[in-house]
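Enquirer: with the input below, show me the fold.
(one chain, ligands or ions: 2)
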Amino acid sequence: MSDRYHENRIDGKAMADRLVADVAKQVATLKQTEHVIPGLAVVIVGDDPASKVYVGNKIKRAKEAGLNSIKYELPENCTQDELEQLIERLNNDADVHGILVQLPLPKPLSEARVIELISAEKDVDGFHPQNVGRLVAGQHSLVPCTPLGCLIMLREHFHGEAALSGKHAVVIGRSNIVGKPLAQLLLQANCTVSIVHSRTRDIETLCRQADILIAAVGRPQLVEKNWVKPGAVVIDVGINAIESDGARKLVGDVDFASVSQVASAITPVPGGVGPMTIACLMQNTLNAARMQIQHSDPIRT
Ligand SMILES: NC(=O)C1=CN([C@@H]2O[C@H](COP(=O)(O)OP(=O)(O)OC[C@H]3O[C@@H](n4cnc5c(N)ncnc54)[C@H](OP(=O)(O)O)[C@@H]3O)[C@@H](O)[C@H]2O)C=CC1
Ligand SMILES: Nc1nc(=O)c2c([nH]1)NC[C@@H]1CN(c3ccc(C(=O)N[C@@H](CCC(=O)O)C(=O)O)cc3)C=[N+]21
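Expert: Numbers count the residues shown, from 1 in each chain. Ligands and ions are numbered 1, 2, ... in the order given. Got it, this is the predicted structure:
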């Protein structure tokens, strides 16, 4: 009984490999037809080791996708002005189609000001207020990478978006980066959406009602077996580094060992949402380049 649902992992790494290969094909076509190579600028401020790992992964994947990628490293103590001057320069550089500023920024830099300064059509993170507004209005063009990665995983798992219709999706977490935009995407996919957070009462009972449960909390292994309805699909966005037997390891916001006994499908950490986030960044950079070339209507996801 305990492993009724064994072999129920959703393989984010394999899906991400396929998505990047698909982007690479489309990039090659764009090169031939439009003589343009999409360019991605990744800006990192300071030397947080985790941020360095993620940025390294992004640059590696960009190479695989055939994109031009440039990394800009600014010192921890750089000023708001210096950072903003770099963004302005990238906004005006025709070879740069996508700009990503790795978050969080060291104090006292203003994330909100930087996000607003990035040209909305180069905002491959989808964090600019104009892109947030478009997402909510259902006219989205550049959608935040992690929520988009989660949606693509669910679409593939259910063999199309139609199967999401009417399902109860519970999103744990309400950040601008993950929880809120993801709830919007699920709503547009006709799910019934609940968002729960640190002030929610009886969170366990609410989570147990979910057909699709998504954890984006930042609390290692918070979600346990008794939070999950048997047969539910669980997406674990969390990336938490913990010490276990003296070694550093990555775990999600879900207790994988216990929850995988009751879930019908579950994403692992590592190898789940993380790789899909980066693959979606490549897709967004391609979409941004296309929009800039054609000045056409936004591409729907
Ligand atoms: N796989 C990937 O590509 C990515 C992974 N991540 C990971 O996802 C996780 C979430 O990231 P992010 O959204 O940026 O985090 P934030 O810290 O910005 O948001 C966390 C959310 O969880 C809520 N929360 C915190 N504690 C609890 C609790 N005990 N019970 C219920 N809700 C709680 C908070 O509530 P409140 O609003 O009330 O404070 C908040 O809404 C992190 O582990 C992060 O590393 C993030 C981005 C990309
Ligand atoms: N402007 C901005 N955009 C982001 O998209 C953004 C950000 N800032 N700041 C930090 C978060 C976090 N994030 C991750 C991306 C990939 C992995 C990833 O590839 N994880 C691998 C493991 C990586 C490892 O070994 O550490 C995996 O889950 O398999 C993780 C986390 C993007 N974020």
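
Enquirer: okay, now the unreliable bits of the protein?
Expert: 1-6, 296-301 (pLDDT under 70).

Enquirer: which residues of it fall in helices?
Expert: Along the chain, the segments classed as helices by DSSP state H run 12-34, 49-64, 80-91, 111-117, 129-137, 145-157, 179-188, 203-207, 256-259, 273-294.

Enquirer: looking at those helices, which is nearest to ligand 2?
Expert: Nearest to ligand 2 among those is helix 273-294; the distance by Cβ to the nearest ligand atom comes to 2.3 Å. For glycine as for every other residue, the C-beta is placed from the backbone atoms N, C-alpha and C.

Enquirer: for that closest one, which residues meet the burial criterion?
Expert: 273-292 (16 or more other Cβ atoms under 10 Å).

Enquirer: alpha carbons of that helix, in CSV - could you do that?
Expert: Provided in CSV are the C-alpha atoms of helix 273-294 (Å, rounded to 0.1, in the frame of the first residue of the first chain):
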residue,chain,number,x,y,z
VAL,A,273,10.7,23.0,-10.8
GLY,A,274,14.3,24.4,-10.7
PRO,A,275,15.4,23.2,-14.2
MET,A,276,12.0,24.1,-15.7
THR,A,277,12.4,27.7,-14.4
ILE,A,278,15.7,28.0,-16.3
ALA,A,279,14.2,26.4,-19.4
CYS,A,280,11.3,28.9,-19.3
LEU,A,281,13.8,31.8,-19.1
MET,A,282,15.3,30.6,-22.4
GLN,A,283,11.8,30.4,-23.9
ASN,A,284,11.0,34.0,-22.6
THR,A,285,14.2,35.3,-24.1
LEU,A,286,13.3,33.8,-27.5
ASN,A,287,9.8,35.3,-27.2
ALA,A,288,11.2,38.7,-26.2
ALA,A,289,13.5,38.7,-29.2
ARG,A,290,10.6,37.8,-31.5
MET,A,291,8.5,40.6,-30.1
GLN,A,292,11.3,43.1,-30.5
ILE,A,293,11.9,41.9,-34.1
GLN,A,294,8.3,41.9,-35.2
